[in-house]
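In: any chance you can model this:
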Amino acid sequence: MTTRAGVGDAFPDIALETPEGGSVKPSDFAGRKLVVFFYPKDSTPGCTTENIDFSALKPEFDAAGVALLGVSKDPAKKHLSFIAKHDLKAPLATDAAENGLSDALGIWTEKQNYGRTYMGMVRTTYLIGADGRIARVWDKVKVKNHAADVLEAAKAL
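Out: As a prediction, the model looks like this:
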């Protein structure tokens, strides 16, 4: 089992697929604060709300010099329709690779629901400092007011 990455650890520099077919990795944001929010699945109620909330606050994150990146295991094509349907402004990426970023962070893990065991994403948000180190972790996130809480922490960093 992978140990979860925590405060003070270097954030793994693993490439993710963008909806447009390119790639992005954390080092692309070197010298800037970065918020990476991992969520289980596009177009589910909690994940939709979380993405809409981060998108609504994107101008404030931008003004504070903080980049945003939402990540799930959903394929890039699904991200494109999710973005279009909800007019999302926070960039999204796909962590579809085996041994990808969520694996390295220890947040792609075995879950249980209604007696069924499966692999799934633990809703987790990372605030990464301009030095590439994890400044704060929100684990098992509750969506309500989360984006606003992350914005305040990012401004204070």
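
In: quick one, helices of the protein?
Out: Listed in chain order, the helices of the chain (DSSP state H) span 45-56, 58-63, 76-86, 101-105, 146-156.

In: just say which of these is most tucked in.
Out: Highest mean neighbour count among the helices of the chain (mean count of other CB atoms under 10 Å): helix 101-105, with a mean of 22. For glycine as for every other residue, the C-beta is placed from the backbone atoms N, C-alpha and C.

In: residues contacting that one, please?
Out: For helix 101-105, the surrounding residues in contact (CB atoms under 8 Å, 6 or more residues apart in numbering) are 2, 4-5, 12, 14, 16, 38, 71, 73, 95, 108, 121, 124, 126.

In: of those residues, keep whichever come out buried.
Out: Neighbour counting with 16 or more other CB atoms under 10 Å marks 5, 12, 14, 16, 38, 71, 73, 95, 108, 121, 124, 126 as buried within those.

In: ok, residue 38 to residue 114 distance?
Out: For residue 38, the distance to residue 114 (CB to CB, to the nearest Å) stands at 23 Å.

In: repeat for residue 143
Out: On the measure of CB to CB, residue 143 and residue 114 end up 21 Å apart.

In: and those two? Which one has more around it.
Out: Neighbour totals were compared for residue 143 and residue 114, and residue 143 leads with 17 against 4 (other CB atoms under 10 Å).

In: my guess is that one meets residue 54, correct?
Out: No - applying CB atoms under 8 Å as the test, residue 143 and residue 54 come out as separate, 10.2 Å apart.

In: tell me which helix or strand in this protein has the weakest average pLDDT.
Out: One helix or strand of the chain scores below all others by mean pLDDT, DSSP states H and E: strand 108-113, with a mean of 87.

In: name the strands paired with that one and say parallel or antiparallel.
Out: Partners of strand 108-113 in the sheet, by DSSP bridges, are strand 116-121 (antiparallel).

In: next, the angle helix 45-56 makes with the partner strand.
Out: 10 degrees (axes from the mean of the first three to the mean of the last three CA atoms, to 10 degrees).
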